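J.: Model the following, please.
(chains A, B and C)
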Amino acid sequence: MAKLSLKGIHKSFGQVEVIKGVDLEVDHGEFVVFVGPSGCGKSTLLRMIAGLEDITSGELWIGDTLCNDVEPRDRGIAMVFQSYALYPHMTVYDNFGFSLKLAKAPKDERDRKIREAARILQMEDLLDRKPSQLSGGQRQRVAIGRAIVRKPEVFLFDEPLSNLDAALRVDMRMELSKLHDELGATMVYVTHDQVEAMTLADKIVVLNGGVVQQIGTPIELYQRPANLFVAGFIGSPKMNFVDGKIAGIGDGAVTVSTSEFADATVTTGATSLSVGDKVTLGIRPYDLDLSQTGAISGKVKLVERLGNETIVNFDLASGKTWLAVLDGDVDIHNGGTVALDHDPDKAVLFDASGLSLN
Amino acid sequence: MTTMAAKPIVPTKKRKLSRRAAHYPIWFIYPAAIVYGVLFLVPTFASLYFSLTRWTLFEAEFIGLDNFIQFFREPFLSQALLNTVVFAALTSALKVILGLALGVLLTSNIVARGFLRSVVFFPVLVSTIGVGITFTVLMHPTHGMINEALAFIGIKGPGWLTDRHLALYSVALVDVWRGVGLATVIYIAGIVSIPGDYYEAARIDGATRFEQFRYITLPLVRPAMFTVIILSFIGGLRLFDLIWAMTRGGPGFSSDVMASVVYKQYQAGYYGLSTAGNVVLFILIALLAVPLNWFLNSREITR
Amino acid sequence: MKWLRKYGLSVLSIAVALVVFVVPFIFILLMAVKDKKQASLLDFSWPQQFQFIPNLIEVIQTRDYMLLTAYINSTILTVASVTLLVFFAAMVGFVMQRRLAWWTGWVDFFILAGLMIPPAVVPTIWLLQILHLFKTLHGLILIEVAYNLSFAVILFRNFIATIPRELDEAAIIDGARPLSLFFRVIMPLLKPVTVTIIVVQSVAIFNDFVNPLYYLPGKENATVQLTLYNFQSQFVSQYNLLFMDILLITIPPLVVFLFFNRQIVAGMSAGAIKG
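T.: Sure, this is the predicted structure:
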């Protein structure tokens, strides 16, 4: 069973610390996605697991082996690169078989493994082609095939879909998902695209500035973000925020007063709150509804009608812009005013340091 | 950050070999380093010492700066020093100007452009000695084709290689003939890399052909021009084979340059003096070419 | 008038190019096939007698088939030194491009020095004598390698910079050790620049006169350029043979040029715009 554990992993390039202590447990067969903005360290972390970067401090365990100083080839991993990194001078067959050839596997065993990978990926009739004769999606599959052939304990993916066009990306996403089910292997996947993260992952690791912000299932991250960063990063369109104060405490709920609109009620189990505490209120655009008596009102700036839904940009009293996603056919126009209500169960509160209070 | 293939690593000396470095082992450079170190660097450093000696290859007697003093005392040696600089300056200037003209011409819409490019470039690939001998014959004062052609239109041609005031310049002309093709292809590479949009924009702005050359081609071809300057200048300072094939430094010492002096002194058995000539040439290149290189590079950056 | 404006410059250019650049080669060809007497006139005239074969045979037979030996020597010299150059330089270029260490700056400095500094001739001879390499072909081969390394390294390094590092990493994960990484993954991808270097350096080393003159003196193991130099004094009255020799020496670069025109021009202009 190939568990993957990271214990207090640090990485510095010279004076610059890019990974500031990461702890993570990945179970066998889990699909884990590292997500975060550019420069958050997610690729560096993946490359440390692969053995392409040194680990400055901390422990990396793959299965029962401490892998800090193990060569990449001996770690039982395979990696799919963003640019695919196919060997341009080799056929698909030789691309698949290169690792086996280097490991001096017998020819018939090599052939069997290559053909099996080709079967899984349905590329049997492309084995004689060179990478330059393949389409983007086919190249992507060769890159995956090259990983499959090695029968690794852990698959590593570094933004593998970012070079594909939107339609193909959706297809490949589904194929990857199927592949994961079929192979049952542990997969670690890096992306900056939260849709990929949400759709593929069993477990998402949100990184920012070299620090893990939150680890959880996609739904946990969406519904119960641990802090302002995760709340803002996960979900599209982005969550709306406003600063305010606790105005009253009731039974399992609090009232928040803001300078933008009248008091809003939020369901929370937090007990440590007291009146007057500074908080940040977060409400997702999907959790706002039109209501004549709605407390949240503003001036409509832009209406985007997508057919199934309508995205409304509106300015609050101070000029701060919020978004609301409403039904597909609502009678709202630029320059008018809009009054909205929110769902108290779905609103989230963050304390002054940005941590969740729900 | 994440899309960057290579992140800069800051090397520290006292660290165990980094994972990356281990895949690019230092011993890959050993074969080259040994050959280069032994056959190029060691003699170069040794020359600094031997140039201060009277040397028979077996014994070296230290005589301080005598060899160098001789270079500035003996007229035929100081003449060579002057000739070297004149030759390098003249040939590189001509190559820079003619090469640019040819580069512009051979990127324009001219008939038989490919043929002309090949014809201009081919002399670069021909044996220098062969070129030297051929032109020595062509420049023969009485029977040579050049002077016969001049006589045909009523001009009495000079003794190209026999006139002591002219020999160096005649060789310089042949060197330009042989080397202008290289300058031209460097210019061509520079000119074709200028995006065509600029010319279209300039034409819409109403620039004439000359203004397009003056305000677009000339400034943007500057890196190529600097390359030509450096390359032909250093090449000119080091030139030996063409001069040796054509004049052997003659008549007298009138077309001697440093490289031919080095050979002559070597043949005459003055090994210390010959080596001093090498060092003088080395210093000459360092004094002239390195600042030139630095100056041209700094202008390139601020452009 | 319209015609003149459109084609005037072209016609003028072609005419000038023919006179300046082509006539000297036609002159070589004509001289090489003339008989001894007509050749000694040194003029640009049509040969009265075509002596191609007799001249060829005579020049080859001169001094005990010296030209033949020289051709063999030059071929060995060119092939051996270019082969070594390609491997040595590619390995240096690879490590230099991929690694950044405290010593890479020094290597850069030495590469530039190799391009600019004239070799110290007499100390080199002195050293070659100590190493018993003076007046030997293998000594000269190593000399050519040493003197041409800088150029080849710069070309290789610039080319390797265009090969994505992810390819190395894919190979490393696939289990490639440094030697297989270099020879199985990188080296095959260097083919275009390798062809350029082979062609450009072959021509340069084949045409080299100065280094054989210094480091391979003596009649018995001359290179082709030295035969020309030797014949120059011997054939003072036999210009037809001298020019036949020039012709024979010009043919190999011409053939190479006809086949590899593009690579030569690319290599020379790219190598010149230094890394």
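J.: Quick check: C:L149 vs C:A89, distance?
T.: Going from C:L149 to C:A89 by Cβ to Cβ, to the nearest Å gives 6 Å. C-beta: built from backbone N, CA, C; applies to glycine.
J.: any weak-confidence spans in the stretch 201-303 of chain B?
T.: Along the stretch 201-303 of chain B, the model assigns pLDDT under 70 to residues B:296-303.
J.: which residues of it fall in helices?
T.: Under the criterion DSSP state H, counting those that start in this stretch, the stretch 201-303 of chain B contains helices at B:209-212, B:218-220, B:222-238, B:241-246, B:258-267, B:271-302.
J.: among those helices, which is the most enclosed?
T.: Relative to the other members of the helices of the stretch 201-303 of chain B, helix B:241-246 carries the highest mean neighbour count by mean count of other Cβ atoms under 10 Å in any protein chain shown, namely a mean of 24.
J.: now check that helix, is it near chain C?
T.: Yes - contact check for helix B:241-246 against chain C, using Cβ under 8 Å from any Cβ of the partner chain: residues in range are B:D241, B:A245.
J.: and the residue of the stretch 1-150 of chain C found nearest chain A, backbone torsions?
T.: Proximity to chain A, evaluated over the stretch 1-150 of chain C using Cβ to the nearest Cβ, is greatest for C:L100 at 11.4 Å. Backbone geometry at C:L100, expressed as degrees, to the nearest 10, gives phi -130, psi 120.
J.: can you tell me the average pLDDT over the helix or strand harbouring A:S5?
T.: With the criterion set as DSSP states H and E, the secondary-structure element containing A:S5 is strand A:4-13. When pLDDT is averaged along strand A:4-13, the result is 91.
J.: ok, back up a step: and B:R178, which of the helices of the stretch 201-303 of chain B is closest to it?
T.: Each of those was checked against B:R178 via Cβ to Cβ, and the shortest separation belongs to helix B:241-246, namely 7.1 Å.
J.: can you list residues touching both of C:L149 and C:A89?
T.: Contact with both C:L149 and C:A89 is made by residues B:A32, according to Cβ atoms under 8 Å, 6 or more residues apart in numbering or on different chains.
J.: is it true that A:L326 touches A:N313?
T.: No - because the distance of 11.7 Å does not satisfy Cβ atoms under 8 Å, A:L326 is recorded as not touching A:N313.
J.: residues near the closest residue to A:T268 other than its chain neighbours, how many?
T.: If you skip the residues right next to it in sequence, A:T268 has A:N358 as its closest partner in space, 5.4 Å away by Cβ to Cβ, 6 or more residues apart in numbering or on different chains. Other residues within reach of A:N358, judged by other Cβ atoms under 10 Å in any protein chain shown, total 18.
J.: now do C:H132
T.: Using other Cβ under 10 Å, the number of residues around C:H132 comes to 9.
J.: re earlier: a markdown table please, covering the helices of the stretch 201-303 of chain B and showing distance to chain A.
T.: Below are the helices of the stretch 201-303 of chain B laid out as a markdown table (distance: least, Cβ to the nearest Cβ, whole Å):
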| stretch | distance to chain A |
| --- | --- |
| helix B:209-212 | 38 |
| helix B:218-220 | 31 |
| helix B:222-238 | 30 |
| helix B:241-246 | 40 |
| helix B:258-267 | 44 |
| helix B:271-302 | 26 |
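J.: For C:L181, which of those is the nearest?
T.: Of those, the one closest to C:L181 (Cβ to Cβ) turns out to be helix B:222-238, at 33.1 Å.
J.: Just want the angle from that closest one to helix B:258-267.
T.: 30 degrees (axes from the mean of the first three to the mean of the last three Cα atoms, to 10 degrees).
J.: low-scoring stretches of chain A, by residue?
T.: Segments of chain A classed as low confidence (criterion: pLDDT under 70) are A:1.
J.: ok, longest helix in it?
T.: As assigned by DSSP state H, the longest helix anywhere in chain A is helix A:166-183.
J.: ok, and does that one reach over to chain B?
T.: No - judged by Cβ under 8 Å from any Cβ, helix A:166-183 makes no contact with chain B; its nearest approach is 15.8 Å.
J.: try stretch A:131-145
T.: No - counting by Cβ under 8 Å from any Cβ, no contacts exist between stretch A:131-145 and chain B, the nearest distance being 15.2 Å.
J.: For that stretch, what is the distance to the chain centroid?
T.: Using Cα atoms, centre = their mean, to the nearest Å, we find the averaged C-alpha position of stretch A:131-145 to lie 24 Å away from the chain's own average C-alpha position.
J.: Pull the residues that contact it.
T.: Everything outside stretch A:131-145 that qualifies as a contact, by Cβ under 8 Å, 6+ apart, is A:80-81, A:84-88, A:90, A:92, A:95-96, A:117-118, A:120-121, A:123, A:126, A:160-161, A:163-165, A:168, A:171-172, A:175-176, A:179.
J.: tell me which element A:V312 is part of?
T.: Secondary-structure assignment from DSSP H and E places A:V312 in strand A:309-315.
J.: tilt between the next helix or strand after that strand and strand A:309-315?
T.: If you walk from strand A:309-315 toward the C-terminus, the next helix or strand you reach (DSSP H and E) is strand A:321-327. For strand A:321-327 against strand A:309-315, the angle by the same axes, to 10 degrees is 160 degrees.
J.: what residues does strand A:321-327 touch?
T.: Strand A:321-327 is touched from outside by A:237-238, A:240, A:242, A:285-286, A:288-290, A:296, A:298, A:301, A:309-316, A:332, A:338, A:340, with contacts defined as Cβ under 8 Å, 6+ apart.
J.: of the residues you listed, buried ones?
T.: With neighbours counted by 16 or more other Cβ atoms under 10 Å in any protein chain shown, the contacts of strand A:321-327 contain buried members at A:240, A:242, A:285-286, A:288, A:290, A:296, A:298, A:309-310, A:312-314, A:316, A:332, A:338, A:340.
J.: mind showing which ranges of chain C have poor pLDDT?
T.: For chain C, the ranges with pLDDT under 70 are C:1, C:270-275.
J.: what about the longest helix in it?
T.: When secondary structure is assigned using DSSP H, the longest helix within chain C turns out to be helix C:52-98.
J.: How about it and chain B, any contact?
T.: Yes - on the criterion Cβ under 8 Å from any Cβ, helix C:52-98 is in touch with chain B at C:L84, C:F87, C:F88, C:A89, C:M91, C:V92, C:F94, C:V95, C:M96, C:R98.
J.: quick one: the closest residue to the third one other than its chain neighbours from C:N148, how far?
T.: Of all residues beyond its chain neighbours, the one nearest C:F88 is B:A32 (3.9 Å), with distances taken as Cβ to Cβ, 6+ apart. Taking Cβ to Cβ as the measure, B:A32 and C:N148 are separated by 11 Å.
J.: still on that earlier bit, contacts for the longest helix of chain A?
T.: Contacts of helix A:166-183 with the rest of the structure, by Cβ under 8 Å, 6+ apart, involve A:31, A:120, A:136-137, A:140-141, A:144, A:148, A:155, A:157, A:160-161, A:164, A:187, A:196, A:199-200.
J.: quick one: buried residues of it?
T.: Of all the residues in helix A:166-183, those buried under the rule 16+ other Cβ under 10 Å are A:R169, A:M172, A:R173, A:E175, A:L176, A:L179, A:H180, A:L183.
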